[in-house]
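S.K.: coords please:
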Amino acid sequence: MSLTSKTIPSMIGGVSQQSDLVRSPDQMQDQLNGWSDIATGVSKRPPTQLVAKLMANAPADAFVHAMNRDISEQYIAIIADGVIRVFDVLTGEERPVEGPSGWAYLSTATDYAADFDAVTVADYTFVTNRKVTCALKPAGADTTPDNDYQLWLNKTYGVDANGVEFGPGVSYQYAPNPSQGFLSGTVQRFDKLPPTPSEGTIYQVRGDDTSDFISYYVVYRAGAWEECLKPGMANAIDAKTMPHALIRTADGSFIFAPFSWAPRRVGDESNNPNPGFIGRQIQRVLLYQNRLGFLFDESVGLSESGQFGNWWRMSQTDYLDTDPIETTATSTKVAKLYDAVAHADGIFMTSDQTQFAMSNGEIGLTAASIAIRPATNYTVNTKAGLTACGSEIYFAVEKSGYASVREYTRLSGSDATSAADVTAHCPTFIPGGVHALVAADDLNAIFALTQGSPQSIFVYQFYWSSADEKAQSAWHRWDFGSGTEIVAATYLQGLLYIVAKRGDGLWLEKVELQTGATPANVDHDIYLDRRTAVQGELSPTAQRTHFVLPFKPVRDRFRMVRTNAFTGRAETLIDPQSYEWVSDTEVRVPNSEIAGPVIVGEGYEFALEFSKQFIRDSAGVAKATGRTQVRSFTVNYTGSAYFKVAVAPYGTDETVEEIIPSKLAEMTGRTLGSDTLKLNQPGYHTGSYRFLVMGQNIHTRIRLVNDTHVGSTFVSAEWEALYHNRARA
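M.R.: Okay, the predicted model is just below:
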């Protein structure tokens, strides 16, 4: 029997459900409420910070959209109960939203989260109800202004040629068509038109072989012939059936109203046909190369370049490169398009079973250069849709009650035809029902929300060490406690904002993911969810300090931590045994505590369970024969104030040891543990801790746990074992 030692060089590989024999050394059996940073190691995840209570009664169903205007203004829009409400992300303050044309466009939805889509362009957010069928107005409606409130995409303020003021949120429409007369006749060529017609005379020019038999219409106005419409057609798009606009106005309020759509100006249904979305339901709005785009059925349409409201050709005789474009995704299957994202040199789109890549040539985006082709064939969770993160696109695929996430990469000029399964090593880790994938580009992270575990967020962290090799591909789970439902999430500039449905309403909270973030009144981060500071009121007669809380906490998880106002005791825990509950939102502590402020919130547990460890040969192959008796483990940590070591040598009956790293070298004559965190100011320490295991590798269970308000970070580990194999080489 020989004594040997092995090293686990890093611990940032996340969860693996592969056999322990083939796992990478950095992969874990389980990881709860952690954050795996390739530079610092795996640590307790940052807490959620309370921003505001959005609604007293959380809606049963809601669509949530984030609007990132600039670094100082971000908003959350919530569509529920037939109206839109907008909240400032930074303050939680609700902003006024007016609906001058009413809210009828929202009323046909049956599942708000699934039936709505939104995309933000500057101050404009296009809101799409996927249940509404687009339509035209009756013939003649295009010759009079629409008295209903309509909006036009414009970033600046000014006055038009008619003296009408315009700007973001101001009612402004495309000019109506002039009143039309009747068709006076037909000629074969333009030079056959009458020389002295009356004003407003309309003729159809059929064309001949010299003009490729192109037919068009002209009207005589102001002494000249000009292109015009065939009389008697329906030319105006019914704005009430089209995507509406939610606009931030100059005073910070919002307006929700129909957008302004240009009428058909020339031609007829043959040479200037109706847009393809008329009579269909728009599934998705996107912006691509200065064009507004719509997905409908198996087609994608793009507006006139620079004119988001115009979907008609501007000339009957010539096709302009700036004209609207429509193309169809062809496949052997029914390929109704649900989602799309701009990517590299084109657009990546998906139906429920097939994904398509649309691209254009070097001459730019025109009807002649555009191409759309099948890229991959996966059954996609269309509710979660597509999410771009860096040069990759992620989407969820569900089967047998579980979800997997695939990563599609298409660099400019490449011909990628597959999407890697980034959950291949943990195929049953994410429960089915994924309804959102949120990307954090600068952190190389994806956050998955699923109805299969509504109180959780599943986190994917990755790092490309080279163009084709990943140094990290880690999945792990955040848990926010029973009774919590994560409705939506969005990532904005280092902050993950979550909309959480809790027992006392709908809340906006944020998780600060940038390294080194701390509350204003302490020196280190305090790991309590729903974290906020509360000022107490000292009552000498009652011999108590009274605190009024901004939320109704779960009492078993509720904690109060002293701030720097408590000289010499900052960041220590007020003993939970001393809490006296006056009501669901009021608590008292003994008079010895000054009024504060204190930091309050709900505690949560960080847990990391190691994989089963095996002796490996020089090629890294695990030795399954022989007996490996693990004697001890050593964990290397940085900036840690507390953790617990839980060891089960036989797989059950854990022995738990609580550790205060900064006191390891002190002979205190008492057990080091979490009670110390109530008495003395926490000390953050970097070093190593060795503990005994004394169990066979295939049975032993080893966990690192931190369920306190202070942090811990683990970098690597080592272990010693006695190995015996009766076989001889």
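
S.K.: what sits against the residue most central in space within the chain?
M.R.: Centroid check for the chain by C-alpha atoms, centre = their mean gives V438 as the closest residue, at 2.6 Å. By C-beta atoms under 8 Å, 6 or more residues apart in numbering, the contact list for V438 reads 387, 446-449, 489-491, 496. Any C-beta I mention is one placed from the backbone N, CA and C, and that applies to glycine too.

S.K.: Output these in a markdown table; the columns should cover pLDDT, distance to F558 and neighbour count.
M.R.: Listed next are the contacts of V438 as a markdown table, based on pLDDT from 0 to 100; distance: C-beta to C-beta, whole Å; neighbours: other C-beta atoms under 10 Å:
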| residue | pLDDT | distance to F558 | neighbour count |
| --- | --- | --- | --- |
| T387 | 92 | 35 | 20 |
| I446 | 97 | 31 | 23 |
| F447 | 97 | 26 | 23 |
| A448 | 97 | 28 | 26 |
| L449 | 96 | 25 | 22 |
| A489 | 91 | 24 | 21 |
| T490 | 89 | 28 | 22 |
| Y491 | 90 | 28 | 22 |
| L496 | 94 | 23 | 23 |
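
S.K.: May I have the distance across stretch 471-490, first residue to last?
M.R.: End-to-end distance of stretch 471-490 (C-alpha to C-alpha, to the nearest Å): 26 Å.

S.K.: Any buried residues in that stretch, and which?
M.R.: 472-481, 484-490 (16 or more other C-beta atoms under 10 Å).

S.K.: Switch the contacts of V438 over to a markdown table; also include distance to A641.
M.R.: Formatted as a markdown table, the contacts of V438 follow (distance: C-beta to C-beta, whole Å):
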| residue | distance to A641 |
| --- | --- |
| T387 | 36 |
| I446 | 30 |
| F447 | 27 |
| A448 | 30 |
| L449 | 31 |
| A489 | 29 |
| T490 | 31 |
| Y491 | 28 |
| L496 | 24 |
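
S.K.: Give me the subset of those that lies in strands.
M.R.: The strands, defined by DSSP state E, take in 387, 446-449, 489-491, 496 from the contacts of V438.

S.K.: Show me the contact partners of stretch 462-470.
M.R.: 38, 422, 444-445, 471-474.

S.K.: Quick one: the helices in the stretch 1-150 of the chain, in order.
M.R.: Using DSSP state H, counting those that start in this stretch, the helices of the stretch 1-150 of the chain run over 112-115.

S.K.: just the strands in it please.
M.R.: Remark: strands assigned in the stretch 1-150 of the chain by DSSP state E, counting those that start in this stretch are 2-8, 28-32, 34-37, 41-44, 48-55, 63-70, 73-80, 83-88, 94-95, 97-98, 116-121, 124-129.

S.K.: Could you do the stretch 451-600 of the chain as well?
M.R.: Assigned by DSSP E, counting those that start in this stretch, the stretch 451-600 of the chain shows strands spanning 456-466, 469-479, 485-492, 495-502, 505-512, 529-534, 537-539, 544-548, 558-562, 573-574, 580-583, 586-590, 598-602.

S.K.: got the CA positions of the helix or strand harbouring E658 in CSV?
M.R.: E658 is part of strand 655-659, with elements assigned from DSSP states H and E. C-alpha atoms of strand 655-659 as CSV (Å, rounded to 0.1, in the frame of the first residue of the first chain):
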residue,chain,number,x,y,z
THR,A,655,-19.3,15.2,10.4
VAL,A,656,-19.4,19.0,10.2
GLU,A,657,-16.6,21.3,11.3
GLU,A,658,-17.1,25.1,11.4
ILE,A,659,-14.1,27.1,10.4
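
S.K.: Mind giving me the packing neighbours of that strand?
M.R.: strand 643-648 (3 or more C-beta pairs under 8 Å, 6 or more residues apart in numbering; DSSP states H and E).

S.K.: Okay, and the beta partners of the nearest residue to F633 once chain neighbours are set aside?
M.R.: Spatial nearest neighbour of F633, excluding adjacent residues (C-beta to C-beta, 6 or more residues apart in numbering): W719 at 4.9 Å. Counting by DSSP bridges, W719 is bridged to K6, F633.

S.K.: How about the contacts made by W719?
M.R.: 5-6, 8, 613, 630, 632-634, 693 are the contacts of W719 under C-beta under 8 Å, 6+ apart.

S.K.: Drop anything exposed from those.
M.R.: 6, 8, 613, 630, 633-634, 693.

S.K.: I'd like to know which of the contacts of W719 is nearest to R726.
M.R.: Top of the list for closeness to R726, among the contacts of W719 and by C-beta to C-beta, is V630 at 19.4 Å.

S.K.: Confirm that closest one sits in a helix?
M.R.: No: using DSSP: H, G, I helix; E, B strand; the rest coil, the secondary structure at V630 is strand, not a helix.

S.K.: any idea how far it lies from H699?
M.R.: Separation of V630 from H699 (C-beta to C-beta, to the nearest Å) stands at 10 Å.

S.K.: V582 too?
M.R.: Here the criterion is C-beta to C-beta. By it, V582 lies 49 Å from H699.

S.K.: V534 now?
M.R.: 47 Å.

S.K.: Neighbour count for these two, which is higher?
M.R.: A direct count of neighbours by other C-beta atoms under 10 Å for V534 and H699 places V534 higher, at 17 against 13.

S.K.: Confirm for me that the more buried one is in contact with L549.
M.R.: Yes: the criterion here is C-beta atoms under 8 Å, and V534 meets it with L549 at 6.3 Å.

S.K.: shared neighbours of those two, which are they?
M.R.: In contact with both V534 and L549: V600, using C-beta under 8 Å, 6+ apart.

S.K.: just the angle between the one helix or strand V397 maps to and strand 445-450, please?
M.R.: Here V397, judged by DSSP H and E, is contained in strand 392-399. Per axes from the mean of the first three to the mean of the last three C-alpha atoms, to 10 degrees, the angle that strand 392-399 makes with strand 445-450 is 30 degrees.

S.K.: Quick one: mean pLDDT for strand 392-399?
M.R.: Averaging pLDDT along strand 392-399 gives 92.

S.K.: Strand 392-399 and the next helix or strand after that strand, what's the angle between them?
M.R.: Moving toward the C-terminus from strand 392-399, the next helix or strand (DSSP H and E) is strand 402-409. Taking the same axes, to 10 degrees, one finds strand 402-409 and strand 392-399 inclined to each other by 150 degrees.

S.K.: Check which strands are paired with the helix or strand following strand 402-409 and give the direction for each one.
M.R.: Counting by DSSP H and E, the next helix or strand C-terminal to strand 402-409 is strand 420-421. In the sheet, strand 420-421 lines up against strand 402-409 (antiparallel) (DSSP bridges).

S.K.: what about the strand it pairs with, average pLDDT?
M.R.: Mean per-residue pLDDT for strand 402-409: 93.

S.K.: Relative to the whole chain's centre, how far out is that strand?
M.R.: Relative to its chain's centre, strand 402-409 lies at 15 Å (C-alpha atoms, centre = their mean, to the nearest Å).
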